[in-house]
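Student: Coordinates only, no sequence provided:
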């Protein structure tokens with residue numbers, strides 16, 4: 001088994017899933033930080049986003 005496949009197996013054993021996402025280039029760090037925090041703290045999830053134009057918070061469940 002290669003080092004990479006061993007690493008991926010350890011991540012799977014932690015209950016993580018490998019996914020590929022296309023994100024806006026200027027928000028890559030925000031997405032990475034959110035995912036890292038959710039990975040480290042099982043009690044965190046995404047529910048709200050911030051509109052960078054208005055500064056208002058927008059619920060992901062109510063936004064169309």
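Tutor: Everything's here; your move. Every value quoted in this text rests on a predicted model; they were computed, and no experiment measured them.
Student: sec struct for residue 58, please.
Tutor: In the three-state summary, residue 58 is assigned as strand, counting by DSSP: H, G, I helix; E, B strand; the rest coil.
Student: And residue 31, by the same measure?
Tutor: Remark: residue 31 carries the secondary structure label helix [criterion: three-state DSSP].
Student: my guess is it meets residue 22, correct?
Tutor: No - in terms of CB atoms under 8 Å, residue 31 does not count as a neighbour of residue 22; the distance is 10.4 Å. The C-beta positions use only the backbone N, C-alpha and C, and glycine is treated the same way.
Student: So for the two, which residue has more residues nearby?
Tutor: Using other CB atoms under 10 Å as the criterion, residue 31 and residue 22 rank with residue 31 on top: 12 against 5.
Student: Which pLDDT value does the model give the residue positioned nearest the centre of the chain?
Tutor: The residue lying closest to the centre of the chain (CA atoms, centre = their mean) is residue 35, at 2.9 Å. Residue 35 is assigned a predicted lDDT (pLDDT) of 94.
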